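A.B. asks: Provided below are the primary sequence and the corresponding predicted coordinates.
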Amino acid sequence: MTPTPETPVAPGESVSERLVAALAGTWRAIQARHPDVPDVAIVIGSGTGGRRKVAKLGHFASRRWLRAAQAGRDQAAGVEGQEQPEQYVHELLIGGEGLARGPLAVLATSLHEATHALAEARSINDTSGRGVYHNKRFKVLAEELGLEVAEAGHRGWAVTSVPDTTAARYAEQLAALEAALTVYRVPETTGAPGDAPVGRSLAAVCACTPVRRLRIARATFELGPIICAVCEQPFTLTG
């Protein structure tokens, strides 16, 4: 079911505060169960727009942030730009459009990106092809974090979902996400003409476990949300 503001925001609390708090609480819960998963700076942003053909549900980016205290000390010491690996923080981006898929899907995205974070922490090369192909090392780490993993052609072991046993472990976080998911970002369709050739079908998934998939023409998909009759969540483009 599409998220609705059923739980009112507390006085002085913004919609984004509640959302970021729920996402941060989910990440802390993952770290509590898997201490090797590093800290991240959480960003909620657009997963569509530009020349993208599919919605980005999330991404993990290594060492994109620098702790302010360390940056200040480096500048004062005259070594601005000198690398201080232990002071860098990784980035977790959650695509705002993907929030429409509901709490279980957001947990799945968080655990998927936590798998990449775990690979970074252990110096494991889990992808290739600019992060598109997910190899068997990714699969092993994802299963360690409690995900079910399926193969997806040129993307390798990239399709991940949350089984019931893992969902039960994160019941508290799922409840917090349920209360926080009162908004989601409207997808943009600003790609240049010709980005999606006529007649080419795209892949879409819902929030079911195991996930359900369909192929659909972009023009048809953009007519309006397509709701799964099983999980009652909208299908989201994936690539």
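C.D. replies: Thanks, I have the structure now.
A.B. asks: measure residue 59 to residue 209 for me?
C.D. replies: Distance, residue 59 to residue 209, by CB to CB, to the nearest Å: 22 Å. The way it works is simple: take the backbone N, C-alpha and C, and place the C-beta from them, glycine included.
A.B. asks: ok, and the closest non-adjacent residue to residue 132?
C.D. replies: In this structure, residue 132 finds its nearest non-sequential neighbour in residue 155, 5.9 Å apart by CB to CB, 6 or more residues apart in numbering.
A.B. asks: please verify my assumption that residue 212 contacts residue 205.
C.D. replies: Yes. Using CB atoms under 8 Å, residue 212 is in contact with residue 205, at 6.8 Å.
A.B. asks: report the set of residues contacting both of those two.
C.D. replies: Common neighbours of residue 212 and residue 205 (criterion: CB atoms under 8 Å, 6 or more residues apart in numbering): none identified.
A.B. asks: would you map the helices across this structure?
C.D. replies: With DSSP state H as the criterion, the chain has helices at 15-33, 68-76, 103-121, 136-144, 164-169, 171-180, 218-221.
A.B. asks: weakest of these by average pLDDT?
C.D. replies: Note on those: helix 68-76 shows the lowest mean pLDDT, a mean of 58.
A.B. asks: rewinding a little: the more surrounded of residue 212 and residue 205?
C.D. replies: For residue 212 and residue 205, the more surrounded residue by other CB atoms under 10 Å is residue 205, and the numbers stand at 20 against 16.
A.B. asks: that one: what's it in contact with?
C.D. replies: Counted by CB under 8 Å, 6+ apart, residue 205 has contacts 159, 211-213, 235-236, 238.
A.B. asks: quick one: which of these sit in strands?
C.D. replies: 159, 213, 236, 238 (DSSP state E).
A.B. asks: nearest to residue 37, of those residues?
C.D. replies: Ranked by distance to residue 37 (CB to CB), the ones in strands among the contacts of residue 205 are led by residue 159 at 20.7 Å.
A.B. asks: at the geometric centre of this protein, which residue do we find?
C.D. replies: residue 58 (2.8 Å; CA atoms, centre = their mean).
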